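Colleague: quick check, what structure comes out for this input:
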Amino acid sequence: MKLLLLPSIQLVISIAHAFQYEELAQYVNNHEEEYMEALRDWVAVESDSSDISKRPDLHRMMELAAEMLRTMGGTVNLVDIGAQELPNGETLAMPKVVTAQFGSDPQKQTVCVYGHLDIQPAKMEDGWATDPYNLTELNGNLYGRGASDNKAPVLAWIHAIKAYRALNMELPVNVKFVLEGMEEVGSNGLDGIILAQHDTFFADVDFIIISDCIWLSRRPALTYGTRGNCYFFAEVEGPKKDLHSGVYGGTIIEPMTDLIGILDTLISPSGKILVPGIREAVAPLSDEEWKKYQDIEFDIDGFKEMIGVSQLMYNNKVDLLAHRWRYPTLSIHGIEGAFSASGSKTVIPAKVTAKFSMRQVPNMDPAMVKKQVTDYLHSVFAKRKSPNKLKVTMLIGAKPWLADTQDPLYEAGKRAIKRVFDVEPDLIREGGTIPVARTFQDVTGKSIIMLPIGDFDAGMHSQNEKISRYNYIEGTKLFIVYLNEVAQIKKQV
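Modeller: Numbers count the residues shown, from 1 in each chain. Predicted structure coming up:
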């Protein structure tokens, strides 16, 4: 008897049968050293978006990525996003956004891979064991600034596409890339591109994939949520110049004393945010979510050892994960204008600026957080009856992002991880912020997945950032398989 199949079912089966994973995986294994050299070349570029003196390196980084994609046969564009205004009033060109496209078959799904190529600052004197801009392999780990965040994951996606093309295998889906160079400073200019190209570049995109995140443990993971970020400056200004503490101490109300005083009212020793209205805005933790946290693999003792502390804020896994992912936190990052060099200096600074941030969660709104924090600090400052001046500014107001784990994208992710790693993945949230995720969600209305390959101990934003050779290579295989799994999702017409 001849079995008749509907065209859509025939398409799915033909793709499944055509997928030659072993051959593709072997190609990846055979080209490991080539991949190491590519990462070494990228890590060597000091593409620090926060340091304007490094802007030529950042421009070069974007050009390197564009050229790599061109040599693979992609349709590549460098999109101008304009200039940023510097504190002194001058302007500086921002790095262009790289867009690329591989395939345009309307019968196939189209995925858009987002990544960024800018990095956090890094210096040997910060406590690095190796040169942060010279990729160094030790015990199977590849150390270098940007190795995990986000250069290796971007390269892994490129390697995945290249493997298909090198073996003359048809890509199971159309693939687009959006690579930016300003993520570490708030993704300046990117929202404008997404809005402007909503009906052009993004018009045929079915799904968006972000790999700018890490696993929670040694078990592979799929990420379905991130916190937002409201970043503040609180500036207290007093005398017209810095003063000698021996001459003027005890005669003036010092700006630093005022600043430390108001900072102390933001958060309690137990981590409770004291700004009125913040806790009341947080979406309640559901029973289902609580159970999901219980099932996640997480080693509290190993976590403490990794970061070098003897005590955490919470002693059980569920509370710790909940406060890491889905409750707001407030962190004080530094004070500008204060004496911080080595040695001693008896100065009373005339102006000091505190830098702090609040990671926000559903259902918090950045505009409301700005008002709550600003009003609160001014009310606290007023009670001090100080003649000094307080100015509160919110520099970043990124919203949180949350996805539906029942979405077919996540089912495809589970199948891909099972195929490559032979385990079921953890479903996790991320405590950090990736602003573009919420922008993609709001503007395009497309399903988004975060598919990490970074190690749980990657050291992102910290000293000795790294990705393991294992995660880099097996992550490339994961991306290869994931494209095939996405191809089997029924295309919406």
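
Colleague: can you name every helix or strand that the strand or helix carrying E288 contacts?
Modeller: For E288, the enclosing helix or strand under DSSP states H and E is helix 287-294. Applying 3 or more C-beta pairs under 8 Å, 6 or more residues apart in numbering; DSSP states H and E, we find helix 287-294 packed against helix 317-325. From N, CA and C alone the C-beta is placed, and that goes for glycine too.

Colleague: ok now the helix it packs on, how far from the chain's centre?
Modeller: 19 Å (C-alpha atoms, centre = their mean, to the nearest Å).

Colleague: circling back: now do the buried residues in the helix holding E288.
Modeller: 289, 292-293 (16 or more other C-beta atoms under 10 Å).

Colleague: save those residues as a markdown table, and put in pLDDT and distance to S344 too.
Modeller: Output for the buried residues of helix 287-294, formatted as a markdown table (pLDDT from 0 to 100; distance: C-beta to C-beta, whole Å):
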| residue | pLDDT | distance to S344 |
| --- | --- | --- |
| E289 | 86 | 51 |
| K292 | 88 | 52 |
| Y293 | 91 | 48 |
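
Colleague: can I get those residues in CSV with distance to K385?
Modeller: Listed next are the buried residues of helix 287-294 as CSV, based on distance: C-beta to C-beta, whole Å:
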residue, distance to K385
E289, 46
K292, 50
Y293, 46
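
Colleague: tell me which element the nearest residue to G74 once chain neighbours are set aside falls in.
Modeller: Using C-beta to C-beta, 6 or more residues apart in numbering and skipping the chain neighbours, the partner closest in space to G74 is A100 (4.2 Å). Per DSSP H and E: A100 is located in strand 97-102.

Colleague: elements contacting that strand?
Modeller: Using 3+ C-beta pairs under 8 Å, 6+ apart, strand 97-102 sits against helix 55-71, strand 75-79, strand 174-180.

Colleague: and the following helix or strand past the second one, which residues are buried?
Modeller: Elements were assigned by DSSP H and E; along the chain past strand 75-79, the next helix or strand is strand 83-85. When burial is assessed from 16+ other C-beta under 10 Å, strand 83-85 yields the following buried residues: Q84.

Colleague: I'd like the average pLDDT over strand 83-85.
Modeller: Strand 83-85 shows a mean pLDDT of 90.

Colleague: which secondary structure elements does it contact?
Modeller: Using 3+ C-beta pairs under 8 Å, 6+ apart, strand 83-85 is in contact with strand 91-93.

Colleague: how far does the strand it packs on sit from the chain's center?
Modeller: 24 Å.

Colleague: next one: stretch 424-433
Modeller: Worked out by C-alpha atoms, centre = their mean, stretch 424-433 lies 12 Å from the chain centre.

Colleague: pull out the CA atoms of that stretch and give them to me as CSV.
Modeller: The C-alpha trace of stretch 424-433 is given here as CSV (Å, rounded to 0.1, in the frame of the first residue of the first chain):
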residue,chain,number,x,y,z
GLU,A,424,17.3,17.2,29.4
PRO,A,425,18.0,20.9,29.8
ASP,A,426,17.2,23.1,32.8
LEU,A,427,14.8,25.9,32.1
ILE,A,428,16.2,29.0,33.8
ARG,A,429,16.0,32.7,34.0
GLU,A,430,18.9,35.2,33.9
GLY,A,431,19.5,37.8,36.6
GLY,A,432,21.2,40.2,34.1
THR,A,433,19.7,42.4,31.5
